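K.L.:
okay, sequence plus prediction incoming.
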Amino acid sequence: MNERLKIAVNTGGGDAPGLNAVIYAVTMASYRRGWEVYGIQTGYAGLLDTEQIIRLTPEKVTGIVSMGGTILGTTNKGDPFRLPFKNALGEIEIRDVSDKIVSNFKRLGLDVLIAIGGDGSLRIAHRFAQMGMPVVGVPKTIDNDLASTIITFGFDTAVSTATEAIDKLHSTASAHERVMVVEVMGRNAGWIALNSGTSGSADVILIPEIPFRIKNVCDKIMNNELRGKRYGIVVAAEGARAEGGEVIHKGKTEDGRQDVLLGGIGEWVAREIQQQTGKDTRSLVLGHLQRGGSPTTFDRLLALRFGAAAVRFIAEGRRNVMVASAPPDMATVPLEVAVEKMKSVPLDSDSILTARDMGISFGDE
C-alpha cells in the first residue's frame, strides 16, 4: 500500500512492561512508510477530549523502549460503553459515550486504531470495530491469559520480578524458620504463580485452576520438617481458592463498575498455616511491583515485534484483527476470536508435571 495513513494508538487496562516498546515500534514502522501516528492518551479519553491526542514522531519516542509504564497513560476505568459520571446530586451514573468516540475518530481523519490491551480492552476494541472503527489489536497482559496468542509481553518481566522476590525470601525464611506466603497476580489464570513458584523452588503453589485443601498445604509444610527443612515458601495467585470456597476479595469498586477487587488469599493462607501448624508464618503481597520497572530483554523484543507486525498487517489491508505470537512468526486472528476465551493453565501441562516431579504441592493431594 502506498496510501498515506493516519494511525492512532492507545493503551488500556493495567500497565505492563513493554507498552512503550510497542508504541516505539508502531511509530518508527509507520514513519518509515510515510504515515502519521497519533497517541490517544488515557485509554479512550483522548477521543472524548481531543486535546489529549498527541502527535508521535521518531523524536518523541526516542529512548522509551527500556521504560516501564506507558507514555500515553492508561486506565482500567474507562470503558466508553459504561463510563461512570457524577451527576448534579453527586451520584454515579453510567453513560454510553461510544458514539462520540467513533464520531471524533472519523472527524479527525484517523484511518486505523492500534489498541494495545488485555481481554477487557480488546473486547471494547471489538465493539468499536463492529461500529465501523477500523481496529488492529495488540495483546497485553502480564497474566498471559489470552488464548489466541502463545505469549503476551509483560509476562516475562512479571515472572522475573516475582521469582527474584521468592529467591530473596528463602534466606530470611530460613534464618527465622518461618513460612512465607507470597501473593502474586493472576485473577483467572495461574501462569505467574506457576512459573515463578517453580523457578523459585517454592514448596506449595496455589493457582485458580486447582482448588486446594488447606490441610494438604499444611501437611506439605510439616513433611518438610521431617526432612530437616524448617521453613517454607508458598506462592499463591490472587485468584486461588480453597476447595468448596469462594475467591477472596476486598469488595467491589465504588465508581459504578461491578469489578471485584481481588486480594487477601495470601493473608488467609498464612493465618491458616500458623493456626494449624504452629509455624511462624508471614504473608507478602507483590501487587503492582509485578507491573512496574523496565521490561526484560525478552519482553522488549516481543513488544517491538508486536508493534512492527501491527503496522505491517495494516499495510497489507488487514483490519479488525489482533496480532498474535505464533512462533517463529506473527499472525492475525479475528478480534471476535481473540476475546472468545481465556487461556488457563492446562492441568496436564508439562509445567504442572515438572512442578509435581520437583515435589511441589498444589494443595490438591
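P.N.:
Noted; the coordinates are in hand.

K.L.:
next, the buried residues of stretch 6-15.
P.N.:
Going by neighbour count (16 or more other CB atoms under 10 Å), the buried part of stretch 6-15 is 7, 8, 9, 10, 11, 12, 13, 14, 15. Using the backbone N, CA and C atoms, a C-beta is placed for each residue, glycine as well.

K.L.:
kindly report the same for stretch 107-123.
P.N.:
Judged by neighbour count using 16+ other CB under 10 Å, the buried positions of stretch 107-123 are 110-123.

K.L.:
got it, and stretch 73-85?
P.N.:
Buried residues in stretch 73-85 (16+ other CB under 10 Å): 73, 74, 75, 76, 78, 79, 80, 82, 83, 84.

K.L.:
give me every residue that touches the residue nearest to the spatial centre of the chain.
P.N.:
Residue closest to the average C-alpha location in the chain (CA atoms, centre = their mean): residue 141, at 2.6 Å. Going by CB atoms under 8 Å, 6 or more residues apart in numbering, residue 141 touches 13, 14, 16, 118, 119, 152, 154, 155.

K.L.:
circling back: among the buried residues of stretch 6-15, which are in strands?
P.N.:
7, 8, 9, 10, 11 (DSSP state E).

K.L.:
settle this for me: the last one is touching residue 78, isn't it.
P.N.:
In this case it means residue 11. No - using CB atoms under 8 Å as the test, residue 11 is too far from residue 78 to be in contact (10.8 Å).

K.L.:
overlap in contacts, the two.
P.N.:
Common neighbours of residue 11 and residue 78, counting by CB under 8 Å, 6+ apart, are residue 43.

K.L.:
picking up where we left off before, so which of the buried residues of stretch 6-15 is the closest to residue 249?
P.N.:
When the buried residues of stretch 6-15 are compared for distance to residue 249 (CB to CB), residue 14 wins out at 16.4 Å.

K.L.:
surely the closest one touches residue 154?
P.N.:
No - in this structure, residue 14 is not within contact of residue 154 by CB under 8 Å, at 9.0 Å.

K.L.:
any residues in contact with both of those two?
P.N.:
Counting by CB under 8 Å, 6+ apart, the shared contacts of residue 14 and residue 154 are 141, 142, 291.

K.L.:
now residue 243: closest residue in space, sequence neighbours ignored.
P.N.:
residue 211 (4.2 Å; CB to CB, 6 or more residues apart in numbering).

K.L.:
for the one you found, what are its contacts?
P.N.:
241, 242, 243, 244, 245, 364.

K.L.:
could you export these to TSV, including columns for neighbour count and pLDDT?
P.N.:
Listed next are the contacts of residue 211 as TSV, based on neighbours: other CB atoms under 10 Å; pLDDT from 0 to 100:
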residue	neighbour count	pLDDT
241	19	92
242	20	92
243	13	90
244	7	84
245	14	78
364	13	94
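
K.L.:
determine which two of these are furthest apart.
P.N.:
245 and 364 (13.5 Å).

K.L.:
per-residue pLDDT, the residue of the chain positioned farthest from its centre?
P.N.:
Centroid-distance maximum for the chain: residue 226 at 39.1 Å, with CA atoms, centre = their mean. Residue 226 is assigned a predicted lDDT (pLDDT) of 90.

K.L.:
against residue 220, how distant is it?
P.N.:
From residue 226 over to residue 220 the distance is 11 Å, taken as CB to CB, to the nearest Å.

K.L.:
same question, residue 346
P.N.:
Distance from residue 346 to residue 220, by CB to CB: 23 Å.

K.L.:
settle it for me: which of these two has more neighbours?
P.N.:
Higher neighbour count among residue 346 and residue 220: residue 220, with 20 against 10, using other CB atoms under 10 Å.

K.L.:
correct me if wrong: that one contacts residue 206.
P.N.:
No - taking CB under 8 Å as the definition, residue 220 is not a contact partner of residue 206, at 11.1 Å.

K.L.:
any common contacting residues for the two?
P.N.:
Common neighbours of residue 220 and residue 206 (CB under 8 Å, 6+ apart) are residue 363.

K.L.:
what is the nearest of the shared contacts of residue 14 and residue 154 to residue 358?
P.N.:
Distance to residue 358 across the shared contacts of residue 14 and residue 154 (CB to CB) is lowest for residue 142, with 24.0 Å.

K.L.:
tell me if I'm right that residue 232 and residue 180 touch.
P.N.:
Yes - between residue 232 and residue 180 there is a contact at 7.3 Å, judged by CB under 8 Å.

K.L.:
how is this structure divided into domains?
P.N.:
For the chain, automatic domain parsing gives the domain ranges 6-153+295-327, 156-291+346-357.

K.L.:
gap between the two ends of the first one?
P.N.:
This points to domain 6-153+295-327. With CA to CA, to the nearest Å applied, domain 6-153+295-327 spans 30 Å between its terminal residues.
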